[in-house]
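In: Output the structure for:
(chains A and B)
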Amino acid sequence: MTLHFIFWSYFAEVAGMKETEIEVPEGATLDEALEVFYTHFPPFRALKNSTLVAVGVEYSLPTQLLRPKDSVSLFPPVSGG
Amino acid sequence: MFELTNEEIRRYSRHLILPEVGLAGQRKIRNTSVLCIGAGGLGSPIAMYLAAAGVGRLGIVDFDTVDHSNLQRQILHSDADVGTSKADSAKISINALNPNVEVELHKTRITADNALDLIRPYDIVVDGTDNFPTRYLTNDACVLLKKPNVYGSIFRFEGQASVFAPHLGGPCYRCLYPEPPPPGMVPSCAEGGVLGVLPGIIGCIQATEILKLALDKGSSLIGRLLLFNALDMKFRELKLRKDPKCPLCGPNPTINALIDYEMFCGILPEPTSPGSNPDEVSIQEMKKALETPSLGIRVIDVREPDEQQIAGIKGVPLCPLSTLPQHFTELDPNVQYYIHCKSGVRSMKALRFLREQGFKYVKSVKGGIGAWSDEIDATVPKY
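Out: Sure thing, here's the model as predicted:
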């Protein structure tokens, strides 16, 4: 199934694009989909624990089951004040 | 609860006629104490609007002094305050606006040793800090003390805000971001820039949330992350939830006390002298290399073209870090290079990249062009 990945803020610079579509196995969990994603975008693996991942408009846990055409948004932490 | 004075009734009249505030609400605001960590971009509008609204006791934590480059966004401070303590400057602005506010200054760096004592005497904490170690420290201390942490952070044209309060049912900062990104990954405002009005918008959202908590009215940002993009002029909202594996606020916490946050964020202690980091050279050594071509050392500037137009050193070619992967082949791996940027962060990144490409003789110039302005040529502007 196809998932839509959206890169927020400076993650767009890390990815070199604002969004992309990635093919993952049918019935994948969020964690499994991210593993596929990391093979396409290796720099994000090191950022795994500092990335806020949302499916649609909701923060999601790694065990969440995904459906075709789900949007996965990756938000980076920012620290400015 | 004391009655409001006639002066206070006149001052807060537009609050008093709001049914959601009224006399009882205004007294609640006056009886609220808030600790504002940081008197910078976010802390400025937060402190000013809380003071205007009549918060009774306002603590300000800031050890820094006012710099010219702060004035583009840190509206607590004025041109005449440059070089003075940010805390003192904040108190003058706050009390000029509203002398009824009791301002408590903490001119110290908040650390794991003092955070709990600093935060304990206040009802609400607001995070206006500018770095990851202090954000994790503020979060952890607030969770341990069961204080609401009104969060905001900014980057270039974008900002985020939320209210972290696990004791009121919401998640904490660690539920969102269990670990900080590797050091150097995220540019600070000093390195990445920030639109001056942006902290005004995010700080005002934080101030609004504080007043709502004080009044116990409306729906707070607990469990929601508000995302703002000034270029698109769009607000978006993300529903949050507690991470059941959160080491701090989860059901099986492993963090029960404050830790070493610099180490947690991968920040190494600063070397005591320029010579103690073998990858760095001083600005004086860079000057010598420029003046003495026979040394065979080439100096390059890895900042972006826009920055070189603001401030540049004559005779130093530009080789921006952003395009270094495409252009490093134009450099000679057998030549010795001194690399400079604005402050010494990006030049260290460029150094690491070039080393990986087989360049053996590269050094990063400590302090970058800022050190050049300070030590060599004061006509080169600092930005």
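
In: and the next element down the chain from the longest helix along chain B?
Out: Counting by DSSP state H, the longest helix found in chain B is helix B:198-215. Using DSSP states H and E, the helix or strand that follows helix B:198-215 towards the C-terminus is strand B:224-229.

In: ok, then the element right after that following strand?
Out: strand B:234-239.

In: the bottom helix or strand of the chain by mean pLDDT?
Out: No chain was given, so I picked chain A. strand A:58-59 (a mean of 86; mean pLDDT, DSSP states H and E).

In: I was thinking of chain B, sorry if that wasn't clear
Out: That would be, for chain B by mean pLDDT, DSSP H and E, helix B:189-192 at a mean of 74.

In: So which residues make contact with it?
Out: The contact list for helix B:189-192 (CB atoms under 8 Å, 6 or more residues apart in numbering or on different chains) reads A:10, A:80-81, B:41, B:69, B:130, B:154-156, B:186, B:342-343, B:345-346. For glycine as for every other residue, the C-beta is placed from the backbone atoms N, C-alpha and C.

In: let's go with 7 Å and repeat that
Out: A:Gly80, B:Asp130, B:Phe155, B:Arg156, B:Lys342, B:Ser343, B:Val345 (CB atoms under 7 Å, 6 or more residues apart in numbering or on different chains).

In: for stretch A:34-48, same thing?
Out: Residues contacting stretch A:34-48 (CB under 7 Å, 6+ apart): A:Phe5, A:Val14, A:Ala15, A:Ile22, A:Val24, A:Thr51, B:Pro181, B:Pro182.

In: Let's see that with 8 Å instead.
Out: By CB under 8 Å, 6+ apart, the list of residues contacting stretch A:34-48 reads A:5, A:11, A:14-15, A:20, A:22-25, A:28, A:51, A:53, A:62, A:72, A:74, A:76, B:181-182, B:185.

In: and those, which of them are in helices?
Out: Residues of these located in helices (DSSP H): A:Phe11, A:Val14, A:Ala15.

In: before we move on, back to that, and the least confident helix or strand of chain B, how far from the chain's centre?
Out: Helix B:189-192 sits 10 Å away from the centroid of its parent chain (CA atoms, centre = their mean, to the nearest Å).

In: Do you know the pLDDT at the residue positioned nearest the centre of chain B?
Out: With distances taken as CA atoms, centre = their mean, the residue of chain B nearest its centroid is B:Asp130 (1.2 Å). Looking at B:Asp130, its pLDDT stands at 92.

In: interface residues of chain A facing chain B?
Out: A:8-10, A:46-47, A:49-52, A:54, A:57-59, A:61, A:73, A:75-81 (CB under 8 Å from any CB of the partner chain).

In: Dump the contacts of helix B:189-192 into a markdown table; add distance to B:Ile124 as well.
Out: Output for these, formatted as a markdown table (distance: CB to CB, whole Å):
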| residue | distance to B:Ile124 |
| --- | --- |
| A:Gly80 | 22 |
| B:Asp130 | 20 |
| B:Phe155 | 24 |
| B:Arg156 | 28 |
| B:Lys342 | 36 |
| B:Ser343 | 34 |
| B:Val345 | 34 |
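
In: Give me the subset of those residues that lies in helices.
Out: Using DSSP H, the contacts of helix B:189-192 in helices are B:Val345.

In: circling back to that earlier point, quick one: which of the ones in helices among the contacts of stretch A:34-48 is nearest B:Gly250?
Out: A:Phe11 (25.9 Å; CB to CB).

In: Please save the CA atoms from the longest helix along chain A in CSV.
Out: Taking DSSP H as the criterion, chain A has its longest helix at helix A:30-40. Extracted C-alpha coordinates of helix A:30-40, given in CSV (Å, rounded to 0.1, in the frame of the first residue of the first chain):
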residue,chain,number,x,y,z
LEU,A,30,3.6,2.5,11.9
ASP,A,31,6.9,1.1,13.2
GLU,A,32,7.2,-1.3,10.2
ALA,A,33,6.3,1.5,7.8
LEU,A,34,9.1,3.7,9.3
GLU,A,35,11.6,0.8,8.9
VAL,A,36,10.8,0.8,5.1
PHE,A,37,11.0,4.7,5.1
TYR,A,38,14.5,4.6,6.7
THR,A,39,15.8,2.4,3.9
HIS,A,40,14.8,5.2,1.5
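
In: What residues of it count as buried?
Out: Buried residues in helix A:30-40, counting neighbours by 16 or more other CB atoms under 10 Å in any protein chain shown, are found at A:Leu30, A:Glu32, A:Ala33, A:Leu34, A:Phe37.

In: would you turn these into CSV with pLDDT and distance to B:Asp117?
Out: Shown next, in CSV, are the buried residues of helix A:30-40 (pLDDT from 0 to 100; distance: CB to CB, whole Å):
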residue, pLDDT, distance to B:Asp117
A:Leu30, 96, 41
A:Glu32, 96, 46
A:Ala33, 97, 45
A:Leu34, 97, 41
A:Phe37, 97, 44
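
In: Reformat the residues you listed as a markdown table; add distance to B:Ala165.
Out: Shown next, in a markdown table, are the buried residues of helix A:30-40 (distance: CB to CB, whole Å):
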| residue | distance to B:Ala165 |
| --- | --- |
| A:Leu30 | 26 |
| A:Glu32 | 33 |
| A:Ala33 | 31 |
| A:Leu34 | 29 |
| A:Phe37 | 32 |
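
In: on that earlier part again, can you tell me, leaving aside adjacent residues, what's nearest to the residue nearest to the centre of chain B?
Out: A:Gly81 (4.0 Å; CB to CB, 6 or more residues apart in numbering or on different chains).

In: Counting neighbours, what do you get for B:Glu356?
Out: 9 (other CB atoms under 10 Å in any protein chain shown).

In: go on, B:Ala311?
Out: 18.

In: residue contacts, it?
Out: Residues in contact with B:Ala311 (CB under 8 Å, 6+ apart) are B:Ile369, B:Ser373, B:Val380, B:Pro381, B:Lys382, B:Tyr383.

In: Repeat that for B:Ala289.
Out: Per CB under 8 Å, 6+ apart, neighbours of B:Ala289: B:Leu295, B:Ile297, B:Arg298, B:Val299, B:Tyr338.

In: My understanding was that B:Val302 contacts B:Arg346; is that so?
Out: Yes - using CB atoms under 8 Å, B:Val302 is in contact with B:Arg346, at 5.5 Å.

In: List the residues that are in contact with both of the two.
Out: B:Leu321.

In: Just give me the neighbour total for B:Cys246.
Out: Neighbour tally, B:Cys246, other CB under 10 Å: 22.

In: nearest residue to it other than its sequence neighbours?
Out: B:Cys175 (4.8 Å).

In: Can you name the helix or strand that that neighbour falls in?
Out: helix B:173-176.

In: Highest neighbour count among the contacts of B:Ala289?
Out: B:Tyr338 (24 neighbours).

In: Is it in a helix, a strand, or coil?
Out: strand (DSSP: H, G, I helix; E, B strand; the rest coil).

In: doesn't B:Val299 make contact with it?
Out: Yes - with contact defined as CB under 8 Å, B:Tyr338 reaches B:Val299; the gap is 4.7 Å.

In: Need the residues touching each of the two.
Out: B:Met286, B:Ala289, B:Val365.
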